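In: sharing a model that was predicted from the sequence below.
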Amino acid sequence: MKSLITAAGFFLLLLSAPAQNVILEKDPAIDSLVPSRGPNRKNYVHPYMSFGFTTDPGEAGARSRQGTYGHYQFGVRYKRRLSQTFAVGYEFAYDVNDLSQKQEAGKVAPDTFQYKRERLIFYNGLFSPYLRINFGRRGNQLGKYLDIAAYGTYTFAHVLFQRSDLPDGRVVRSRTTGLTYFQRWNYGATVRIGINKFILYGHYRLSDLFYSNWNFPEPSRLQVGIQFVLK
């Protein structure tokens, strides 16, 4: 009888052992997971879209129309958190700079003729590293922040659009490419003020748009606008 009780106890011990092992192996693994990606985590990647307009008229002879929407971006931004206050990152973007030129006396760039409408449009690839300064508590959100960035662009396509209205009512439109008086590589600085997924930005071109040997005055260097985080 004693041997029977001993065998039964041993059998029950074998049955209970697997259940105990599953609990001990599973629960710690679940509890130890720490997310590393997110708006306020170690790494964060998101797409964004920008819409800006010209606020700087530029130099006499190449003045741009102020208040016209002429700066568009669609890009992807990476952020690496260094601490609760600081983060760094970089972005790649498709960048369009559309300069609507004023038609006035003294105009010399890109020519001296006055049209009904004239636009210089540049299609660029952009790369921009930045430093981010965060403010206040935010949980796993972007919160409030200030970005200070440098950027470089390369113009891979461009067009000069001109329209003239003739006295007899006809309209003449032209599109010109293959221009040789502008620099394909440009650089500048950007400042952004953000609240979560809504951003106000200023975008200032430091480099000269035209080659110096053409002696053209410089058009608008500054665009400001709004930006939206899309994720």
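Out: Cool, got the structure. Residues are numbered from 1 along each chain as shown.
In: so where is this protein shaky, pLDDT-wise?
Out: 1-34 (pLDDT under 70).
In: pick out the residue nearest the middle of it.
Out: The structure's the chain has its C-alpha centroid closest to Gly75; by Cα atoms, centre = their mean the separation is 4.8 Å.
In: what's the longest strand in this protein?
Out: Looking across the chain with DSSP state E, the single longest strand is strand 144-165.
In: okay, now the sheet partners of it, with direction.
Out: Applying DSSP bridges to the sheet, strand 144-165 is found paired with strand 117-135 (antiparallel), strand 171-176 (antiparallel), strand 185-195 (antiparallel).
In: what's the neighbour count on Phe86?
Out: 12 (other Cβ atoms under 10 Å). Heads up, the C-betas are built off the backbone N, CA and C, glycines and all.
In: what residues are bridge-paired with it?
Out: Applying DSSP bridges, one finds that Phe86 bridges with Ile133.
In: again with the one 5 residues further on
Out: Taking DSSP bridges as the rule, Glu91 bridges to Arg77, Ser128.
In: residues contacting it?
Out: Contact analysis of Glu91 by Cβ atoms under 8 Å, 6 or more residues apart in numbering lists 48, 75-78, 126-128, 130.
In: give me the buried entries from the residues you listed.
Out: Among those, those scoring as buried are 48, 75, 77, 126-128, 130 (criterion: 16 or more other Cβ atoms under 10 Å).
In: what comes up buried for the longest strand of the chain?
Out: Judged by neighbour count using 16+ other Cβ under 10 Å, the buried positions of strand 144-165 are 145, 147, 149, 151, 153, 155, 158-162.
In: domain boundaries for this protein, per the record?
Out: With domains defined by automatic domain parsing, the chain comprises 1-33, 36-229.
In: and these, which is most packed in?
Out: Ranked by mean neighbour count under mean count of other Cβ atoms under 10 Å, the domains of the chain are led by domain 36-229, which reaches a mean of 16.
In: ok, Arg65 touching Ser100?
Out: Yes: assessed by Cβ atoms under 8 Å, Arg65 is found in contact with Ser100 at 4.4 Å.
In: shared neighbours of those two, anything?
Out: Common neighbours of Arg65 and Ser100 (Cβ under 8 Å, 6+ apart) are Thr54.
In: ok so, going back, could I get the buried residues of strand 144-165 as CSV with distance to Tyr211?
Out: Below are those laid out as CSV (distance: Cβ to Cβ, whole Å):
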residue, distance to Tyr211
Tyr145, 38
Asp147, 31
Ala149, 26
Tyr151, 21
Thr153, 16
Thr155, 13
His158, 14
Val159, 19
Leu160, 16
Phe161, 21
Gln162, 21
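In: this structure: strands as residue ranges?
Out: Going by DSSP E, the chain shows strands at 43-54, 69-81, 86-100, 117-135, 144-165, 171-176, 185-195, 198-205, 222-229.
In: output those strands as CSV; include the columns distance to Ala60.
Out: Supplementary listing: the strands of the chain in CSV, determined by distance: least, Cβ to Cβ, whole Å:
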stretch, distance to Ala60
strand 43-54, 16
strand 69-81, 19
strand 86-100, 15
strand 117-135, 16
strand 144-165, 20
strand 171-176, 24
strand 185-195, 21
strand 198-205, 18
strand 222-229, 16
